[in-house]
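Chemist: Just the structure for this:
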Amino acid sequence: MNFIESFKMSVAMLAANKLQTSLTMLGIIIGNTSVIATIGLGQGSQKLANEQLKSLGPNILFVMPGNQKSRRTTFNVPKTLVLEDAQAIASQVSTIKAVAPEISQRQLISYRNQNTNVTLVGTNPEYSSVRDFPVATGRFINQIDLKRNQRVAVIGSEIAQNLSLLRYPIGEKIRINNISFEIVGVMEPKGSFFGINQDESIIIPLTTMANQIVGQTSPYGVALSVIHIEAKSTDTVRAAKFQIENLLRLRHKITTEDDFGVRTSKQMMSIVEVITSGLMIMLVGIASISLIVGGIGVMNIMLVSVTERTPEIGLRKALGATHGDILIQFLIEAIIIAISGGVIGIMLGVSILMLVGVIFPLSPVIASETIFLSLGISGGIGLGFGVIPAQRAAKLDPIVALRSF
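Modeler: Residues are numbered from 1 along each chain as shown. The predicted structure follows:
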């Protein structure tokens, strides 16, 4: 019996037992779907995070309150950075171009009889340029707004839609913490940044935020959530980081561990890549377990099939089929089941990724090398887990097998 005849016979046997074949494929289908979807979503998330960080520019720095230990052990933002720190950086660090301190918190806002929860950001006029967040309509907050504690607001592009504001919302009044604010501008669409939808944010003057919304929450001054800093060029980023750290250590009288952290956009990108890569490896590992379970299912069903087909195997051996003929046929059946299940699983995984790309603002990556790798692993699982049933079938004594008729 040649290979083609063995292949045709294997296909005929699998087609004759459609339900059993389908159930055997199920574990392989689930495993491949999980692997394709997990890798595609992981790579898409990593790509999105990198694009968001690249959009900030290579010469952006972030000063965050608290050290790594304090940020890990509490959900509350440590209150170790104050407005005076940002002012000192702006006036004393020569390698920077602009400083944008920020106070942010979730707030319920209302317009007429409608309410929505937003991220309220108190900052200064430099925020728009440092964060590359331009105004689409109206204007951004200015120095006069800060000096006079003006109750003005610049809203994200999705706020108007969420609150059913008029087509031209400039001049409309919204209420924040039961205080009336006038809308003076609408930002251009920006998308999400570290899981926060910036298009659902409202920007108000930092002084108004500090004096009328949150108050002085630190004994040393107005506590900040983060300080955004733009260096003069990419060449001065390292020098700016060094000078900022030294200045803050002097101001905070630090002799041991820093109570703040300074990160460049490049460092943030590296951190995101490490985190997303680690998560993707973990998720792929979990999804791969499904493939192994599927392989075990193939082996179990094939062993049952050997028992059920014992008379057939005995008859074929009596008619001249060799040990190798029986072995090859059962191996071919296992590989066909695994590869067919792999193809169906890949198609389902790709369909899920395409659906996610349509529904969510994420572009999953459908890599050809991932598809071929998944298909190759499926074939390998069929071959590996099909060996034991195939050997058991091939080693059956024809006389003993014929007795089971």
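
Chemist: The lengthiest strand in the chain pairs with which strands?
Modeler: Counting residues, the longest strand in the chain under DSSP state E turns out to be strand 96-111. Using DSSP bridges, the strands paired with strand 96-111 in its sheet are strand 114-123 (antiparallel), strand 173-176 (antiparallel), strand 226-231 (antiparallel).

Chemist: Do I have it right that residue 299 meets residue 389?
Modeler: Yes - Residue 299 sits in contact with residue 389 when judged by Cβ atoms under 8 Å, with a separation of 6.1 Å. (Each C-beta comes from the backbone N, C-alpha and C, glycine too.)

Chemist: between the two, what contacts are shared?
Modeler: residue 334 (Cβ atoms under 8 Å, 6 or more residues apart in numbering).

Chemist: Between these two, point out the one with more neighbours.
Modeler: residue 389 (24 against 20; other Cβ atoms under 10 Å).

Chemist: I figured that one was touching residue 302, is that so?
Modeler: Yes - contact criterion Cβ under 8 Å: residue 389 and residue 302 qualify, at 3.6 Å.

Chemist: Could you name every residue contacting both of those two?
Modeler: In contact with both residue 389 and residue 302: 330, 334, using Cβ under 8 Å, 6+ apart.

Chemist: Where does pLDDT dip in the stretch 1-150 of the chain?
Modeler: The model of the stretch 1-150 of the chain has pLDDT under 70 over residues 1-3, 50-57, 68-77.

Chemist: That one: helices as residue ranges?
Modeler: Ranges of helices within the stretch 1-150 of the chain are 3-16, 18-56, 68-73, 83-92, 127-130, 143-147, based on DSSP state H, counting those that start in this stretch.

Chemist: Next up, the contacts around residue 354.
Modeler: 364, 366.

Chemist: and after the helix or strand where it lies, which helix or strand comes next?
Modeler: Following DSSP states H and E, one finds residue 354 within helix 323-359. Next along the chain after helix 323-359, taking DSSP H and E as the criterion, comes helix 368-394.

Chemist: Now do that following helix against helix 323-359: the angle between them, please.
Modeler: Angle of helix 368-394 versus helix 323-359, following axes from the mean of the first three to the mean of the last three Cα atoms, to 10 degrees, is 150 degrees.

Chemist: Hmm, residue 43 and residue 367 touching each other?
Modeler: Yes - counting by Cβ under 8 Å, residue 367 touches residue 43, with 7.0 Å between them.

Chemist: more crowded one of these two?
Modeler: residue 43 (20 against 13).

Chemist: What distance do you get for the more buried one to residue 360?
Modeler: 15 Å (Cβ to Cβ, to the nearest Å).

Chemist: Then residue 255?
Modeler: As judged by Cβ to Cβ, residue 255 and residue 360 stand 48 Å apart.

Chemist: Among the two, which residue is more densely surrounded?
Modeler: residue 360 (11 against 6).

Chemist: Look up how far residue 41 lies from that one.
Modeler: Residue 360 is 10 Å from residue 41, where distance means Cβ to Cβ.

Chemist: Same check on residue 187?
Modeler: Residue 187 sits 28 Å away from residue 41, going by Cβ to Cβ.

Chemist: Could you do residue 320 as well?
Modeler: 53 Å.

Chemist: Tell me which of those two has more neighbours.
Modeler: Applying other Cβ under 10 Å to residue 320 and residue 41 shows that residue 41 carries more neighbours, namely 21 against 8.

Chemist: For residue 189, see how far away the closest residue to the more buried one other than its chain neighbours is.
Modeler: Spatially, and ignoring its direct neighbours in sequence, residue 41 is nearest to residue 364 (5.4 Å; Cβ to Cβ, 6 or more residues apart in numbering). To residue 189, residue 364 is 21 Å away according to Cβ to Cβ.

Chemist: For these two, indicate the residue with more neighbours.
Modeler: Using other Cβ under 10 Å as the criterion, residue 364 and residue 189 rank with residue 364 on top: 25 against 10.

Chemist: For the more buried one, give me the pLDDT.
Modeler: Predicted confidence (pLDDT) at residue 364: the value is 79.

Chemist: export the helices of the stretch 1-150 of the chain to JSON lines and tack on distance to residue 273?
Modeler: Shown next, in JSON lines, are the helices of the stretch 1-150 of the chain (distance: least, Cβ to Cβ, whole Å):
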{"stretch": "helix 3-16", "distance to residue 273": "44"}
{"stretch": "helix 18-56", "distance to residue 273": "6"}
{"stretch": "helix 68-73", "distance to residue 273": "18"}
{"stretch": "helix 83-92", "distance to residue 273": "28"}
{"stretch": "helix 127-130", "distance to residue 273": "23"}
{"stretch": "helix 143-147", "distance to residue 273": "37"}
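
Chemist: Please name whichever of those is nearest to residue 239.
Modeler: Comparison of these against residue 239 by Cβ to Cβ identifies helix 83-92 as nearest, at 13.3 Å.

Chemist: Quick one: work out the angle between that closest one and strand 226-231.
Modeler: Using the same axes, to 10 degrees: helix 83-92 against strand 226-231 is 10 degrees.

Chemist: In helix 83-92, which residues are buried?
Modeler: Buried positions in helix 83-92, judged by neighbour count with 16 or more other Cβ atoms under 10 Å: 83, 85-86, 88-90.

Chemist: which other residues reach it?
Modeler: Here helix 83-92 has contacts from 63, 96, 98-99, 101, 206, 210, 220-222, 224, 227, 229, 244, 247-248, 251, using Cβ under 8 Å, 6+ apart.
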